[in-house]
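[1] would you be able to build a 3D model of this:
(one chain, ligands or ions: 1)
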Amino acid sequence: MTKRSAITIYLSLIFALLALVAGWYIASFLNREPDSVSFDSSRAYADVQTQVAFGPRTPGSAGHAQVREWMRTELESAGWIVEIHESERLGHPIYNLIAKRSDEAPQIILGAHYDTRFFADNDPDESKRTEPVPGANDGASGVAVLLELARSLPDDTVPVWLVFFDTEDNGRIAGWDWILGSRAFAEEITVQPQAVVIVDMIGDADLNIYLEKNSDVAIRTEIWTTAAELGYGNVFINEEKHSMLDDHTPFLEKNIPAVDIIDFDYEYWHTTHDTLDKISPASLQAVGDTLWHWIAE
Ligand SMILES: [Zn+2]
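    Now for the predicted structure:
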């Protein structure tokens, strides 16, 4: 063996070793688990699909009971402890679902209503106005964002409760009213969170979320700033528009800072056309990602 061929062998060995290490590194990179700590809108979109498939989730219906059991299963398999807050308003039973990760009092409560409206009374077709609302956006979208946050939020955030409110959506119907579930919850629960954030009707493809006028200004600014930093300034528009009666209202009445994240410019609102095809994963992503960063950071 010449000196030269010995060097060649050494060099080839070194290259082979380097190639092996590089190969192992690339393989481990490709095989790594998907990043579990990020909001995945494809799973959130599937959650909208599942809810719509249950049929209308009007109080007392089969879909209403099914969606509650399904939410419990999803939350428990994501490691959350689920409790039902039972109450009654106007003679109707109320089942709010509370998900938490510890016994600590919540600093943040995120809420969405899981019920849907009895009547599509805004439907352009008069004959359909007694049919129930499918609630892909009005109901299912907010629930989907909360469920995907349950799966993706890091374990070490400040204490968060996810609350799925019952009977939000039956105002202007004899014997019912709006926001019965959140009203019962806010009146009967003794915790004092620093912030309550409601998400409602945030899944439509043309998503424009204006600042809601009754919302707490400091928290709303924080959330809209987070959205802008993430590049969602076209979705979270930094202008006031609507003034809403929604699930944030009972908290504001108790002097608990609360914000309503809602796109109320939705032409299918309370019609039979509030269906899955109006929902866009990109919209769920913008809202989910924003809340994820606002809570985690
Ligand atoms: Zn509604």
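
[2] show me which residues of the stretch 51-200 of the chain are close to the ion?
    Contact residues, the stretch 51-200 of the chain versus the ion (Cβ under 5 Å from the ion): D138, D169. Glycine gets a C-beta too; all of them are placed from N, C-alpha and C.

[3] please enumerate the strands of the stretch 51-200 of the chain.
    81-89, 92-100, 108-113, 160-165, 195-200 (DSSP state E, counting those that start in this stretch).

[4] include mean neighbour count and mean pLDDT when you put those strands into TSV, please.
    Output for the strands of the stretch 51-200 of the chain, formatted as TSV (neighbours: other Cβ atoms under 10 Å; pLDDT from 0 to 100):
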stretch	mean neighbour count	mean pLDDT
strand 81-89	15	98
strand 92-100	20	98
strand 108-113	26	98
strand 160-165	26	98
strand 195-200	27	98
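
[5] ok, which of those comes nearest A228?
    strand 195-200 (16.8 Å; Cβ to Cβ).

[6] quick one: list the elements packing against the closest one.
    strand 108-113, helix 142-152, helix 217-229, strand 258-262, helix 281-296 (3 or more Cβ pairs under 8 Å, 6 or more residues apart in numbering; DSSP states H and E).

[7] buried ones in the last one?
    Neighbour counts using 16 or more other Cβ atoms under 10 Å place 281, 283-295 of helix 281-296 among the buried residues.

[8] adding distance to E126, write the strands of the stretch 51-200 of the chain out as JSON lines.
    Formatted as JSON lines, these follow (distance: least, Cβ to Cβ, whole Å):
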{"stretch": "strand 81-89", "distance to E126": "30"}
{"stretch": "strand 92-100", "distance to E126": "27"}
{"stretch": "strand 108-113", "distance to E126": "27"}
{"stretch": "strand 160-165", "distance to E126": "30"}
{"stretch": "strand 195-200", "distance to E126": "26"}
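
[9] nearest to Y10, out of the ones you listed?
    strand 160-165 (57.7 Å).

[10] show residues contacting the closest one.
    68, 71, 75, 80, 96-101, 106-115, 143, 146, 149-150, 153, 179, 181-182, 185, 191, 193, 247, 295 (Cβ atoms under 8 Å, 6 or more residues apart in numbering).

[11] stretch 189-198 too?
    Contacts for stretch 189-198 (Cβ under 8 Å, 6+ apart): 85, 105-112, 142, 161, 182, 216, 219, 223, 246-248, 251, 256-262, 291.

[12] kindly report the same for stretch 280-289.
    Stretch 280-289 has contacts (Cβ under 8 Å, 6+ apart) with 38-39, 41-42, 44-45, 48, 141, 144-145, 148-149, 152, 199, 202-205, 207, 209, 227, 230, 232, 235-236, 261.

[13] now do it, average pLDDT.
    Mean per-residue pLDDT for stretch 280-289: 98.

[14] same question for stretch 70-77.
    Averaging pLDDT along stretch 70-77 yields 98.

[15] residues making contact with it?
    With Cβ under 8 Å, 6+ apart as the criterion, stretch 70-77 contacts 47, 50-51, 54, 82, 97, 99, 114, 143, 147, 150-151, 162, 164.

[16] from the middle of its chain, how far away would it be?
    14 Å (Cα atoms, centre = their mean, to the nearest Å).

[17] what do you get for stretch 227-242?
    With Cα atoms, centre = their mean, you get 17 Å for stretch 227-242.

[18] same deal with stretch 128-146?
    13 Å.

[19] for D200, which non-adjacent residue is closest in space?
    I262 (4.7 Å; Cβ to Cβ, 6 or more residues apart in numbering).

[20] got a list of what the one you found touches?
    By Cβ under 8 Å, 6+ apart, the residues touching I262 are I198, V199, D200, M201, I202, I209, E212, H242, M244, D246.

[21] equivalent analysis for V133, please.
    P56, T116, R117, F118, F119, A120, G139, D169, H270, T271, T272, D274.

[22] now with 7 Å?
    P56, T116, R117, A120, H270, D274 (Cβ atoms under 7 Å, 6 or more residues apart in numbering).

[23] tabulate these in TSV, adding columns for distance to G135 and pLDDT.
    Output for those, formatted as TSV (distance: Cβ to Cβ, whole Å; pLDDT from 0 to 100):
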residue	distance to G135	pLDDT
P56	7	98
T116	3	98
R117	7	98
A120	10	98
H270	10	98
D274	6	98
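
[24] rewinding a little: to R129, which of the helices and strands packed on strand 195-200 lies closest?
    Among the helices and strands packed on strand 195-200, the nearest to R129 by Cβ to Cβ is strand 108-113 (21.1 Å).

[25] no further queries at this time; thank you.
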